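Asks: my questions are about this predicted structure, shown below with the sequence.
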Protein chains: 2
Amino acid sequence: MASHKLCMIPGPIEFHEDVLQAMATPATSHVAPNFIPVLGESIELLRQILFTSGQPFIIAGSGTLGWDMTASNLVEAGEDVLVCNSGYFGDRFGECLETYGAKVTHLRVPIGEAPKLDDVAAALKTKKFKAITITHVDTSTGVLADIKGIANVVRKESPETLVVVDGVCSVGSEEIRMDAWGIDVVITASQKALGAPPGLCVMGVSERAIGVFKNRKTPVPNYYANWNRWLPIMNAYEARKPSYFATPAVQNIFALNVSLKQIVAQGIEKRFAVHKEASAKAKKFIHDLGLKLVPTSLEHAANGMSAVYYPEGVAATDLLPKLAAHGIVAAGGLHVEIAPKYFRIGHMGISVTEPERGHLDATLNALKASLAECGYKGAL
Amino acid sequence: MASHKLCMIPGPIEFHEDVLQAMATPATSHVAPNFIPVLGESIELLRQILFTSGQPFIIAGSGTLGWDMTASNLVEAGEDVLVCNSGYFGDRFGECLETYGAKVTHLRVPIGEAPKLDDVAAALKTKKFKAITITHVDTSTGVLADIKGIANVVRKESPETLVVVDGVCSVGSEEIRMDAWGIDVVITASQKALGAPPGLCVMGVSERAIGVFKNRKTPVPNYYANWNRWLPIMNAYEARKPSYFATPAVQNIFALNVSLKQIVAQGIEKRFAVHKEASAKAKKFIHDLGLKLVPTSLEHAANGMSAVYYPEGVAATDLLPKLAAHGIVAAGGLHVEIAPKYFRIGHMGISVTEPERGHLDATLNALKASLAECGYKGAL
């Protein structure tokens, strides 16, 4: 792999050499006998990773396209949707839903807090919601939502409401069990803890949600995102047969396939555990430096990333370039209200599952050194 | 590059080694100082390649997404659109337009024919069309439409009508001069004659069409495809500043950038010429074998691909596997009415601009040998 600064942001993350090599697969027809099983198998592997018997989708696009697919296929104009809003991504998902005529109710939480189960239960009593959306890990705050608990509340209070999880920053690093927990949609993308380069929208949709989709009363108000186009494609490739609606991103799918196989081979349970351990280590290091996390409690802090307030006297323009000089790329703030006040580091994928690479240690040591260079006394 | 069968279909095409190496660029933040100028420069290069002062877009997705962008941003519900329909892709683009409420009139031509200027002129007199769409090269038939002539007819008959070119299978292999010819939209994708792997929707939109978009009366009925989201992103990257709506396909854009730089360095005029020469050579070889093209005249046959009827007694199941055994991947038929009766070969990109690679000769020789193996007397 070419020498480069370590990409320790909350996605894109560092890629395994074999994943990158697959990105450079020579020209291959999208209906070639050596490509069809690669997409077919990737669909099967996603079922294992998401713990679902439902329908995975792998489509050229970004995670944002997954919102579009959810909003335009599952929600009809005039229907109510409850958005558990913990930051930037809740606002955006709400806008996406409103584009297709959904009536959106935001259940907003203060910055750094996670949605509370009692508040969700109370909101669900106010009207009949077609769907509830939850940002599993809000990349803008590093907050981890309790999707298992929320899905349980939905089952009790409003069992027909579809449970939609924005798992862009959680699939592959946080525990998700779609079928057992009663989750209907998981939206993600290739470039976070699934460990492949950006360019693919990845989804899992429960059998129940596919049924709701098939029984919708109005036509799907979208062409590219329309599951009526994509279901036959996914089914064909899974049956190892060619089919065509739009040319798949062949090389990206070769790369995703390598990463999905690595994830399953390593063991999904073990993957959850090592992400927890690495996160605990990172958060202890950050705490010992005297820094404060954006999440108000470790109980609802993501395991795949950390959002951290700058200590007094240190600014983004100070710290991030110093980290870069140490070979570490970190991210600035994203939540509009506090953007200049905090930074974010990712600790997902090979950077934690293969600790012998030293990515996390290098990042934490660079953080300490950079803070010291900024004159922060807690790091001296 | 790993040894592989030559991908001689009408896209994806063979990639240059440097393009593939760029696909394997290590993890890079989408807002990193070494990525921002790569996307910014790619936007500028597209302006040169499309001969336009308009707005290029480079977005994670496929060419099909380009239809979605055109239909949902430029056409409002109830508006009329004239679709010059020469095959499969006209049907599909029509469906896409109807999804957003357009009233579509198909100007259909017999299989193998190109739209006639007189017919276009007559159709334009029947009502006021918001847009006319033309499949520049219909990948399903190998027919090349006279977009310069049609744009000229539009300017005379209905100057306000937007001229939309589906250039998925033509940009980079056929002459297109957006501004000089009065073309408002060119839709393409990364994996055809632009010479990069699939995964990117690529567009050029005239300043006039951007103006029409900005003056639309109704909200854009799409989220992911909405140019209100993408214009600020394209403008930011071109100004070498970071911005965020959806994570760009970083590696695919590195690869596209390499290919676009090669195209411009080689000279765009020369590129048109070498594609014409290679096509003439391929078509003469096919003619000398006694085979018949799907296009009814060389006057309207594409320069980047050839669609060829099987000779009597030879079927897809005979020829394509024999070609594959000779190391050549060709494509079967796609036009529903004649699909089992013809095959398609691509001759675009490095396979013709770098003839020293021997791709086209290998393909034509394999075609002759395979036909002989099928017992076709014209090849003996």
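Replies: Sure, I can see it.
Asks: relative to the whole chain's centre, how far out is stretch A:150-165?
Replies: Remark: stretch A:150-165 is offset 20 Å from the chain centroid, using C-alpha atoms, centre = their mean, to the nearest Å.
Asks: skipping its backbone neighbours, what lies nearest A:Glu175 in space?
Replies: A:Phe272 (4.7 Å; C-beta to C-beta, 6 or more residues apart in numbering or on different chains). In this view, the C-beta of every residue, glycine as well, is placed from N, C-alpha and C.
Asks: actually, A:Phe57.
Replies: Per C-beta to C-beta, 6+ apart, closest to A:Phe57 is A:Met203, 4.3 Å.
Asks: which residues in chain A form strands?
Replies: Assigned by DSSP state E, chain A shows strands spanning A:6-7, A:55-60, A:80-85, A:103-108, A:131-135, A:137-138, A:143-144, A:162-166, A:185-189, A:200-205, A:305-309, A:328-329, A:331-332, A:342-346.
Asks: who are the packing partners of the second one?
Replies: Using 3 or more C-beta pairs under 8 Å, 6 or more residues apart in numbering or on different chains; DSSP states H and E, the elements in contact with strand A:55-60 are helix A:36-50, helix A:63-74, strand A:200-205, helix A:227-238, helix A:250-266.
Asks: and with 10 Å instead?
Replies: helix A:36-50, helix A:63-74, strand A:200-205, helix A:207-214, helix A:227-238, helix A:250-266, strand B:55-60, helix B:63-74 (3 or more C-beta pairs under 10 Å, 6 or more residues apart in numbering or on different chains; DSSP states H and E).
Asks: mind checking which of the ones you listed is nearest B:Glu277?
Replies: Across these, the minimum distance to B:Glu277, taken as C-beta to C-beta, is reached by helix B:63-74, at 26.1 Å.
Asks: does chain A sit close to the closest one?
Replies: Yes: with C-beta under 10 Å from any C-beta of the partner chain as the criterion, chain A is reached by helix B:63-74 at B:Gly63, B:Thr64, B:Leu65, B:Gly66, B:Trp67, B:Asp68, B:Met69, B:Ala71, B:Ser72.
Asks: still on that earlier bit, how about the helices and strands packed on strand A:55-60, which one is nearest A:Asp318?
Replies: Comparing these against A:Asp318 with C-beta to C-beta, the closest turns out to be helix A:63-74 (30.6 Å).
Asks: count the neighbours of the closest residue to A:Cys84 other than its chain neighbours for me.
Replies: Among residues not flanking A:Cys84 along the chain, A:Pro115 sits closest, at 4.1 Å (C-beta to C-beta, 6+ apart). Using other C-beta atoms under 10 Å in any protein chain shown, A:Pro115 has 28 other residues around it.
Asks: how close does A:Asn303 sit to A:Glu174?
Replies: Plainly put, A:Asn303 is 6 Å away from A:Glu174 if you go by C-beta to C-beta, to the nearest Å.
Asks: so the two - more neighbours on which side?
Replies: In this view A:Asn303 and A:Glu174 are compared by other C-beta under 10 Å, and A:Asn303 has more residues nearby, 27 against 24.
Asks: before we move on, back to that, contacting residues for the residue nearest to A:Cys84?
Replies: Residues in contact with A:Pro115 (C-beta atoms under 10 Å, 6 or more residues apart in numbering or on different chains) are A:82-86, A:90, A:107-109, A:123, A:132, A:134-135, A:143, A:145-147, A:149-150, A:153, A:300.
Asks: closest to B:Pro321 out of the helices and strands packed on strand A:55-60?
Replies: Per C-beta to C-beta, nearest to B:Pro321 of the helices and strands packed on strand A:55-60: helix A:36-50, 15.3 Å.
Asks: and that closest one with strand A:200-205, angle?
Replies: On the basis of axes from the mean of the first three to the mean of the last three C-alpha atoms, to 10 degrees, helix A:36-50 is oriented at 60 degrees to strand A:200-205.
Asks: coming back round to it: wait, the residue nearest to A:Phe57 touches A:Pro56, no?
Replies: Yes: using C-beta atoms under 10 Å, A:Met203 is in contact with A:Pro56, at 6.6 Å.
Asks: identify the contacts common to those two.
Replies: Common neighbours of A:Met203 and A:Pro56 (C-beta under 10 Å, 6+ apart) are A:Leu46, A:Leu50, A:Val186, A:Met234.
Asks: for A:Thr161, the count of nearby residues, please.
Replies: A:Thr161, neighbours per other C-beta under 10 Å, totals 21.
Asks: any idea how far the nearest residue to it once chain neighbours are set aside is from A:Glu160?
Replies: Among residues not flanking A:Thr161 along the chain, A:Phe129 sits closest, at 4.8 Å (C-beta to C-beta, 6+ apart). In this view, A:Phe129 and A:Glu160 are 9 Å apart by C-beta to C-beta.
Asks: joint contacts of the two?
Replies: A:Val154.
Asks: show me what contacts the closest residue in space to A:His326 that isn't next to it in sequence?
Replies: Spatial nearest neighbour of A:His326, excluding adjacent residues (C-beta to C-beta, 6+ apart): A:Ala366 at 3.6 Å. A:Ala366 makes contact with A:Leu6, A:Met8, A:Lys322, A:Leu323, A:Ala324, A:Ala325, A:His326, A:Gly327, A:Ile328, A:Ala330, A:Ile345, according to C-beta under 10 Å, 6+ apart.
Asks: and those, which two are the farthest apart?
Replies: Largest pairwise distance in the contacts of A:Ala366, by C-beta to C-beta, is 15.8 Å, between A:Ala325 and A:Ile345.
Asks: more neighbours: which of these two?
Replies: More neighbours surround A:Ile345 than the other of A:Ala325 and A:Ile345, with 25 against 13 (other C-beta under 10 Å).
Asks: thought A:Gly332 was touching that one, still the case?
Replies: No: using C-beta under 10 Å, A:Ile345 is not in contact with A:Gly332, being 11.1 Å away.
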